[in-house]
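J.: missing the sequence, but the structure's below:
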């Protein structure tokens with residue numbers, strides 16, 4: 001981490017904490033001009049260390065399509081109830 005300026009490292013850390021590992025890898029590659037493999041390994045190791053040291057900093061991951069499916073099921077249930085009541 002010593003070879004990446006602190007402002008650039010802060011930007012990488014922000015992406016890691018938000019769960020945006022791909023963005024963190026891209027930035028690290030850009031700042032260090034290294035291979036994809038080297039950047040990926042560095043970011044994965046850094047993320048692992050950060051999760052041990054300060055897990056509270058990480059944003060909870062989104063539920064993804066589970067929330068969409070739950071909403072669709074709810075709307076379908078409400079629609080069926082309205083039809084049956086009519």
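T.: Right, received. Where do you want to start? Remember, it's a predicted structure, so these values are computed and weren't measured experimentally.

J.: gap between the helix or strand residue 72 falls within and the chain center?
T.: Element membership for residue 72, per DSSP states H and E: helix 65-85. Here helix 65-85 is found 29 Å from its chain centre; the criterion is C-alpha atoms, centre = their mean, to the nearest Å.

J.: Average pLDDT for stretch 34-41, rounded please.
T.: Computed over stretch 34-41, the mean pLDDT rounds to 96.

J.: how about it: buried residues?
T.: By 16 or more other C-beta atoms under 10 Å, the buried positions in stretch 34-41 come out as 39, 40. Where C-beta positions appear, they are placed from N, C-alpha and C, glycine not excepted.

J.: Need the contact partners of that stretch.
T.: With contact meaning C-beta atoms under 8 Å, 6 or more residues apart in numbering, stretch 34-41 is reached by 25, 26, 28, 29, 32, 42.

J.: nearest residue to the fourth one other than its sequence neighbours?
T.: In this structure, residue 29 finds its nearest non-sequential neighbour in residue 39, 4.3 Å apart by C-beta to C-beta, 6 or more residues apart in numbering.

J.: swap in the third one?
T.: In space, residue 28 comes closest to residue 39 once its chain neighbours are excluded; the distance is 4.4 Å by C-beta to C-beta, 6+ apart.

J.: does the residue nearest to residue 29 sit in a helix, a strand or a coil?
T.: helix (DSSP: H, G, I helix; E, B strand; the rest coil).

J.: any idea of the pLDDT on the residue nearest the centre of the chain?
T.: With distances taken as C-alpha atoms, centre = their mean, residue 19 lies nearest the centre of the chain, 1.9 Å away. Residue 19 is assigned 92 on the pLDDT scale.

J.: Residue 5: what's it in contact with?
T.: Counting by C-beta under 8 Å, 6+ apart, residue 5 touches residue 31.

J.: can you give me phi and psi for it?
T.: In terms of degrees, to the nearest 10, the main-chain angles of residue 5 are phi -60, psi 150.

J.: Next: residue 35.
T.: phi -70, psi 160.

J.: Check residue 59 too.
T.: According to degrees, to the nearest 10, residue 59 has phi -80, psi 140.

J.: doesn't residue 17 make contact with it?
T.: Yes - contact criterion C-beta atoms under 8 Å: residue 59 and residue 17 qualify, at 6.3 Å.
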